[in-house]
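Q: sequence first, then the predicted structure:
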Amino acid sequence: QVQLVESGGGLVQAGGSLRLSCAASGRTFSVYAMGWFRQAPGKEREFVASISWDSAYTYYADSVKGRFTISRDNAKNTVYLQMNSLKPEDTAVYYCAARRTWGAISADDYDYWGQGTQVTVSS
């Protein structure tokens with residue numbers, strides 16, 4: 001079992017930045033690939049970014065490529081999502097998730113989830 005807790009959400013103006021954190025506890029964090037997803041009101045949960053257990057591989061949704069950066073610190077059991085040049089359409093609840101192997105972009109393929117953190121971008 002892996003427990004995940006997100007933090008760092010908030011209200012920001014368009015063009016601003018936020019850094020989300022996801023702290024993991026339980027089983028060995030370093031063996032898991034991690035992903036960030038988001039869900040806006042009335043929409044399905046969508047993939048944002050993922051990172052392999054050793055940070056060798058990252059992958060981004062086209063909508064955030066060049067603006068968001070995923071990273072992890074296995075010594076701190078934490079994964080991050082640096083979000084720059086935020087847009088109102090980035091407004092959503094952001095979730096981190098874990099699975100044993102890297103490469104999945106479907107929410108159904110992830111085994112563990114946090115409770116989410118709200119990000120609101122005002123225009």
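A: Yep, that arrived.
Q: which stretches in this structure count as strands?
A: 2-7, 10-13, 18-26, 33-39, 46-51, 58-60, 68-73, 78-83, 92-99, 112-113, 117-122 (DSSP state E).
Q: looking at those strands, which is closest to S106?
A: strand 46-51 (7.3 Å; CB to CB). No exception for glycine: its C-beta is placed from N, CA and C like everyone else's.
Q: which residues outside the closest one are in contact with it?
A: The contact list for strand 46-51 (CB atoms under 8 Å, 6 or more residues apart in numbering) reads 33-39, 57-61, 64, 68-72, 79, 81, 94, 102-107.
Q: one more time with 7 Å, if that's ok
A: 33-38, 58-61, 64, 68, 70-72, 79, 81, 102, 105 (CB atoms under 7 Å, 6 or more residues apart in numbering).
Q: grab the most central residue of this protein for me.
A: W36 (2.4 Å; CA atoms, centre = their mean).
Q: that residue contacts L81, doesn't it?
A: Yes - the criterion here is CB atoms under 7 Å, and W36 meets it with L81 at 4.8 Å.
Q: anything in contact with each of those two?
A: Contacts common to W36 and L81, judged by CB under 7 Å, 6+ apart, are A49, I70.
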